[in-house]
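Visitor: build the 3D model from these lines:
(one chain, ligands or ions: 1)
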Amino acid sequence: MAVLEILKFPDPKLKKKSLPVEKIDDNLCQLVRDMAETMYSAPGVGLAAPQVGQRIRLVVIDVTPANQPKNLLVLVNPEIVSTEGECTWEEGCLSVPDYSEEIKRKEKVTVRCQDLEGKTVEVTGEGLLAIALQHEIDHLNGVLFLDYLSSLKRALYKRKQKKEKEKKEGKQL
Ligand SMILES: [Zn+2]
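Guide: Residues are numbered from 1 along each chain as shown. Now for the predicted structure:
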């Protein structure tokens, strides 16, 4: 197993639409294990394949609180098939470090996907799981939570990021 590098905004690979997984083989299972390890060590509650530079429709999620046994969800080719209600949730993203913002989401979602045996399954989530499902599936479509913000808020984030980068580079001199 290996902890993979997580791509950060504004990496152009994060804006690409990912392609369906065609074949569930050993390579895919290895990637799932590496993605899970990467997510747990970050730590995060979800990770999508394009965040580690793999342009395929694959997501791992675990929203269990840290003091409880792990419950890894692996979603191959996930698709939202129904939604209910609306809510606002403060979201962050492993690809957008040190930033969070309130985003409007569906309160409850049902996702159809395949598991690692290739079987079609449905996952219904509320609360944090519903948010994670929507957030990670967005990644597969090249969408970041920043895309939902007003252009003013996005500009502020970019400015903050630029300043921090300059600060970091300054230190290395
Ligand atoms: Zn994310």
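Visitor: which elements pack onto the top strand by length along the chain?
Guide: Counting by DSSP state E, the longest strand found in the chain is strand 73-93. Where contact means 3 or more Cβ pairs under 8 Å, 6 or more residues apart in numbering; DSSP states H and E, strand 73-93 is packed against helix 26-41, strand 58-61, strand 96-114, strand 120-126, helix 127-140. Quick note: C-beta positions are derived from backbone N, CA and C, even for glycine.
Visitor: deepest-packed of the ones you listed, please.
Guide: strand 58-61 (a mean of 28; mean count of other Cβ atoms under 10 Å).
Visitor: output the below-cut-off pLDDT ranges for this structure.
Guide: The chain contains residues with pLDDT under 70 at 171-173.
Visitor: quick one, longest helix in it?
Guide: helix 151-172 (DSSP state H).
Visitor: output that one as CSV - backbone C-alpha positions only.
Guide: Extracted C-alpha coordinates of helix 151-172, given in CSV (Å, rounded to 0.1, in the frame of the first residue of the first chain):
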residue,chain,number,x,y,z
SER,A,151,-16.8,34.9,-8.2
LEU,A,152,-15.9,37.3,-5.4
LYS,A,153,-15.3,34.5,-2.9
ARG,A,154,-13.3,32.5,-5.4
ALA,A,155,-11.1,35.5,-6.2
LEU,A,156,-10.5,36.0,-2.5
TYR,A,157,-9.4,32.3,-2.2
LYS,A,158,-7.1,32.6,-5.2
ARG,A,159,-5.5,35.7,-3.7
LYS,A,160,-5.0,34.1,-0.3
GLN,A,161,-3.4,31.1,-2.0
LYS,A,162,-1.1,33.2,-4.1
LYS,A,163,0.1,35.1,-1.0
GLU,A,164,0.8,31.8,0.9
LYS,A,165,2.7,30.5,-2.1
GLU,A,166,4.8,33.6,-2.2
LYS,A,167,5.4,33.3,1.6
LYS,A,168,6.5,29.7,1.2
GLU,A,169,8.8,30.5,-1.7
GLY,A,170,10.2,33.4,0.2
LYS,A,171,11.2,31.1,3.0
GLN,A,172,13.2,28.9,0.7
